[in-house]
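Undergrad: Could you work out the structure for the sequence below:
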Amino acid sequence: MLSLLLALAGASAFPYQSLATPASCTVPDWPREALRYEIEGNTALEFRIGSDGAVRDAVVRSSSGWTLLDQAALAGLARCRFKPGLEAARQGTVFPIQYAWRLEGPAPLRPVLQPGSCKPSPRIAGYDNLDQRRGAQAAIKLRFLVDGEGRARGIVAETGGFAPQVVRDAVDYVAGCRFGIAPGASGERTDTSYGWVLLR
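TA: You can find the predicted model right below:
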């Protein structure tokens, strides 16, 4: 199951009272790909209101860690409509809003890297499972599905400004690794996983 929570952040509250109608600012649509990969996160945005009541200058203040969630949050916010001619529009007031993308229920057991299963690479220092990224070391975040033989499939990278060849190396590295869930582990299992490829 899924849940999208809206939380206020910052000095100025989200101007609900200034909406054109109560239904003129609905929650963003969950991207189908995000649901399939079971990714979550918090997207914090800032925006201004135009004199016509439309959202202006919306930016991501704090990323969820996933581009498709951030883009969905921006697209959802862009559909909001406020009353025209607001004082806040004349003053250029900046408003915050935070979208908390959450799947309901207990966290599933995700496949993790099987030690020693990756082939050495001159550009890759290793792999960190899930949210275990180490310090400030350069790394590329990947999400993927794990097949019945423990191989990563459907690998998608958060490129983060890295050169295309570096991203391809990271994807190829993970494609050569094996992933699995510890035998005997109890709980609901999933075939989705993510983690960080650490660069040298």
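Undergrad: contacts, neighbours, all on C-alpha from now
TA: OK.
Undergrad: for stretch 150-165, the distance to its chain's centre please.
TA: Put simply, stretch 150-165 sits 14 Å off its chain's centre (Cα atoms, centre = their mean, to the nearest Å).
Undergrad: and what of stretch 131-144?
TA: Taking the mean of its C-alpha atoms, stretch 131-144 sits 13 Å from the chain's own mean (Cα atoms, centre = their mean).
Undergrad: now swap in stretch 40-47 and tell me
TA: Relative to its chain's centre, stretch 40-47 lies at 9 Å (Cα atoms, centre = their mean).
Undergrad: again, but for stretch 158-173
TA: Distance of stretch 158-173 from the chain centroid (Cα atoms, centre = their mean) equals 18 Å.
Undergrad: what about that stretch, average pLDDT?
TA: Per-residue pLDDT over stretch 158-173 has a mean of 94.
Undergrad: Run through who's touching that stretch.
TA: Contact with stretch 158-173 is made by 66-67, 118-119, 121, 123-124, 140-142, 155-157, 197, as judged by Cα atoms under 8 Å, 6 or more residues apart in numbering.
Undergrad: now with 10 Å?
TA: For stretch 158-173, contacts defined as Cα atoms under 10 Å, 6 or more residues apart in numbering pick out 65-68, 118-124, 126-127, 138-144, 152-157, 175, 196-199.
Undergrad: pull the helix or strand with minimum mean pLDDT from this protein.
TA: Ranked by mean pLDDT, DSSP states H and E, the weakest helix or strand in the chain is strand 2-7, scoring a mean of 52.
Undergrad: Retrieve the pLDDT associated with the spatially most central residue of the chain.
TA: Centroid-nearest residue in the chain: residue 66, 2.5 Å away (criterion: Cα atoms, centre = their mean). Here the pLDDT value assigned to residue 66 is 95.
Undergrad: can you pull the contacts of it?
TA: Residue 66 makes contacts with 34, 39-43, 141-143, 157-158, as judged by Cα under 10 Å, 6+ apart.
Undergrad: Mind checking which of the residues you listed land in helices?
TA: residue 34 (DSSP state H).
Undergrad: Please indicate which of the contacts of stretch 158-173 are buried?
TA: Among the contacts of stretch 158-173, the ones that count as buried by 16 or more other Cα atoms under 10 Å are 66-68, 118, 124, 126-127, 139-144, 152-153, 155, 157, 175, 196-199.
Undergrad: which intervals of this protein have sub-threshold pLDDT?
TA: When residues are selected by pLDDT under 70, those of the chain lie in 1-12, 134.
Undergrad: give me that answer again for 90
TA: Under the criterion pLDDT under 90, the flagged ranges of the chain are 1-17, 22-30, 98-108, 130-137, 159-161, 182-188.
Undergrad: Tell me where it has strands.
TA: Ranges of strands in the chain, per DSSP state E, are 2-7, 41-49, 55-62, 95-103, 112-113, 124-129, 139-146, 152-158, 179-180, 192-199.
Undergrad: who wins for proximity to residue 14 among these?
TA: For these, proximity to residue 14 was assessed by Cα to Cα; strand 95-103 is nearest, at 5.9 Å.
Undergrad: Using PDB, write out the CA atom coordinates for that closest one.
TA: Taking Å, rounded to 0.1, in the frame of the first residue of the first chain, the C-alpha atoms of strand 95-103 are listed here in PDB:
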ATOM      1  CA  PHE A  95       6.300  29.200   0.600                       C
ATOM      2  CA  PRO A  96       7.500  25.700   1.500                       C
ATOM      3  CA  ILE A  97       5.800  22.300   1.200                       C
ATOM      4  CA  GLN A  98       7.200  18.800   1.800                       C
ATOM      5  CA  TYR A  99       5.900  15.600   0.200                       C
ATOM      6  CA  ALA A 100       6.700  12.500   2.200                       C
ATOM      7  CA  TRP A 101       6.500   9.500  -0.200                       C
ATOM      8  CA  ARG A 102       5.800   6.500   2.100                       C
ATOM      9  CA  LEU A 103       4.700   2.900   1.400                       C
END
